[in-house]
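[1] quick one, fold the following:
(2 chains)
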Amino acid sequence: MKHKILFYLFLSFILYQLSFGQVFAGPQSTTYDLKAYEFGSGGITGNISTTYSLFGNTGQVDSSSLNSTTFAAQPGLTYLLLANVPGAPTLSIPANNYDRIKVTLNTSSNPTDATYAIQVSTTSDFSSNNKYVQTDFTLGTSPVFQTNSTWGSSGFFVTDLSANTAYYFRAEAQQGKYTQTGFGPSTSQTTGTSTLSFSLDSNSITFSNLNAADSFTVLTTSTNAYSGYTIYGWETRALTTPDNQTISNYGSPNSAPTTWSGTGFGYSTNDTSLTGGTANRFVGSKYAGFQTTSPGDPIADNPGPNLNTQISNEAFTITYRITGNNITPAGTYTNTILYTIVPSY
Amino acid sequence: MKHKLFLIFFLSFIIYHLSFPQAFASSESIRVAPVIEELSIAPGKTTTYSLNISNSSAQPIGIHADITNFETSNEDTSTTSYSSPLISWTSVSPSDIIIPSNETKSINVTILPPSEIKKGGYYAGIFLTPFVDKEKVPNAPIILTRIGTLILAQYGETDYANLKEKAQIKNFSFNKLIFENSPFDFHFTVTNSYFTHFNAKPFITVATLFGKSEMLAVSEKNILPGKSKTWNESITSKLFSPIYIVHLAVSVGGGNFITSDSYIVVIPGLHIILIAIILLMLAAVATYHKRFRKALSILLTGKG
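    Coordinates of the predicted model:
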């Protein structure tokens, strides 16, 4: 009998535990069970799956109140699930960029699923002309929240900015869907100015003899233009003596240069990746003749894009070659060759 | 001995002058800023900016400035040459300037449109031509340089939602059949029917049949009104799939995109060999294993 009573008691205890043991249990599914509602419980912060995301309470009232002999504070929301306020982002213009600024967010140790919106202004106190960085990294009117990895954890360029202008950046963060920090501290960066430097090694060609590669011009360029530059070459006329004897231009065009053969005055460029026409068409000492109309043909270029480094002292060599025929009279042959450089846009 | 030394010295002098006969030849180096100037203009109102020119050469350089049209490269729409009205609204002062060695001087650029102009983008170039110290009767070809700077003026605010309607992606296509691990060669054209220029920034997302995707970077281009630009690109995806779905989103600014989709079928290399081997093994088992053959027969015909 005693054993039976003990057995029933034990069975009742087991049934009680099974039936009411989780009297405070929250929502349940086959895969998860919310054990408690207290702040900080109910899941791991930042633990997100494709099917559920749980943060428990985003805040909790503390029923106790602070008081002294002279004051008493009302109970209030004392615990909050709130992302850390993001620190000032890091800004730079690594290629002396004039239309974009590189931004690296300061996450202030927030979890990886925290999202950030980035506000941009041309006023230091954000009193006017405020914009937000959009998903395409241009500026728009509405805030866009994305994770640091979506924005670009190693930095990203905010584009379509004005040159020579100070821009102030600050960020705000969200943790989950319900709480949002205020803006963090701001920092500023002034965009650069578009520049182009062009150097020529000599204002004339030296033809000490008519062998190939003895006569050349070196063109050197530096620029921060995003799409780089193109140098065009042309000549005012064929090589001509004071008594109007001429040496004709080499017959092959810039679009299809050839290995030197025959007679004429031609050029070659060591820009192996020159755009326009067939790719790498000047490789292997191929020559073409100059055009006699502006702007002429491309003889060197760099199409960019120049994001993290600017083009600095990029030198290309234009080599000239002349072969006269049996009836080319002796004399001093001259003309004017023009090299025009334009930033690509 | 003394005569010999003198002869050698004299010969060296002669050889030197034969090799470098251009005594007046000199190098030049010029720096210009800004080389691309984007600005807003208003009817009847003056807009100015300074063009700063630095002379890094060892000698003074004279510069002549003139205002001309400019055509951008890589434009696909052939246009008849037209004279931009911005040329007649723009003046430079001074148009000729001498810059001492290692100094910087400025040219003031003034733009004064008439009191009634249409909303739009207006474009011109300012070309700077250095003067050259040349002989009256040169004995060799002369080399001159010119530096082009761009003015992109706009009257009217850009409405990106409207711009989105006026921009279009055309001819977004790949080589539909490619071999596994080959780069994807593709091209597309973006046209601009809006009143002003914009910066087209493409984002390519390559997704596999199994849901994985990756975004690949493509460089951006500026497109003038009435013009189009074509991208001829090659990308390589690290993901493997027999079919890729490729989503092209081109930003026109302000978070606005125009989109187009395409697909690629990949001819597998190593994968198809593995699949063929597995199929052959299954066929061999089916042929030579009685119980397997019987099970297969039941499965296919429902009869034992």
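
[2] who touches B:Asn175 in this structure?
    B:Asn175 sits next to B:Phe184, B:Asp185, B:Phe186, B:Ile264 when contact means C-beta atoms under 8 Å, 6 or more residues apart in numbering or on different chains. Every residue, glycine included, has its C-beta placed from N, CA and C.

[3] what about 7 Å?
    The neighbours of B:Asn175, taking C-beta atoms under 7 Å, 6 or more residues apart in numbering or on different chains as the test, are B:Asp185.

[4] tell me the pLDDT at it?
    Note for B:Asn175: predicted pLDDT of 71.

[5] same check on the one 4 residues further on?
    At B:Phe179 the predicted local distance difference test score is 66.

[6] run through the helices of the stretch 1-150 of chain A in chain order.
    A:2-20, A:148-151 (DSSP state H, counting those that start in this stretch).

[7] oh, I was asking about the stretch 101-250 of chain B
    B:160-166.

[8] which of the helices of the stretch 1-150 of chain A has the lowest mean pLDDT?
    Here the lowest mean pLDDT among the helices of the stretch 1-150 of chain A goes to helix A:2-20, at a mean of 62.

[9] number of residues surrounding the residue nearest to A:Ser344 when sequence neighbours are not counted?
    Distances taken as C-beta to C-beta, 6 or more residues apart in numbering or on different chains place A:Ser227 nearest to A:Ser344, at 3.9 Å, with adjacent residues excluded. By other C-beta atoms under 10 Å in any protein chain shown, the residues close to A:Ser227 number 22.

[10] so B:Phe257 bridges to which residues?
    When bridges are called by DSSP bridges, B:Phe257 pairs up with B:Ser251.

[11] what count of nearby residues applies to it?
    18.

[12] name the helix or strand for the most centrally placed residue in chain A, please.
    With distances taken as C-alpha atoms, centre = their mean, A:Phe157 lies nearest the centre of chain A, 3.9 Å away. Per DSSP states H and E, A:Phe157 falls inside strand A:156-158.

[13] strand partners (parallel or antiparallel) of that strand?
    Short version: by DSSP bridges, strand A:156-158 pairs with strand A:101-106 (antiparallel).

[14] map the structural domains onto the sequence of the chain.
    No chain in the question, so chain A it is. A:87-190, A:196-343 (automatic domain parsing).

[15] you looked at the wrong chain, it should be chain B
    In terms of domains, chain B is parsed into B:24-156, B:161-267, B:273-301 (source: automatic domain parsing).

[16] out of these, which comes closest to A:Thr309?
    With C-beta to C-beta as the criterion, A:Thr309 lies closest to domain B:161-267 of the domains of chain B, at 14.7 Å.

[17] low pLDDT regions in chain A?
    Under the criterion pLDDT under 70, the flagged ranges of chain A are A:1-3, A:5-7, A:9-66, A:73-81, A:177-178, A:208-214.

[18] quick one: residues contacting A:Glu235.
    Residues in contact with A:Glu235 (C-beta under 7 Å, 6+ apart) are A:Phe290, A:Thr292, A:Asn335, A:Thr336, A:Ile337.

[19] need phi/psi at the closest residue to the first one other than its chain neighbours.
    Looking back up the chat, that one is A:Phe290. Of all residues not flanking A:Phe290 in the chain, A:Glu235 sits nearest, at 4.2 Å (C-beta to C-beta, 6+ apart). Per-residue torsions, A:Glu235: phi -130, psi 150 (degrees, to the nearest 10).

[20] thought the residue nearest to A:Ser344 was touching A:Asp301?
    No: here A:Ser227 lies out of contact with A:Asp301, judged by C-beta atoms under 7 Å, at a distance of 10.0 Å.

[21] closest to B:Thr205 out of the domains of chain A?
    For B:Thr205, the closest of these is domain A:87-190, at 12.3 Å, according to C-beta to C-beta.

[22] next one: that closest one to chain centre, how far?
    Its chain's C-alpha centre and that of domain A:87-190 lie 13 Å apart, by C-alpha atoms, centre = their mean, to the nearest Å.
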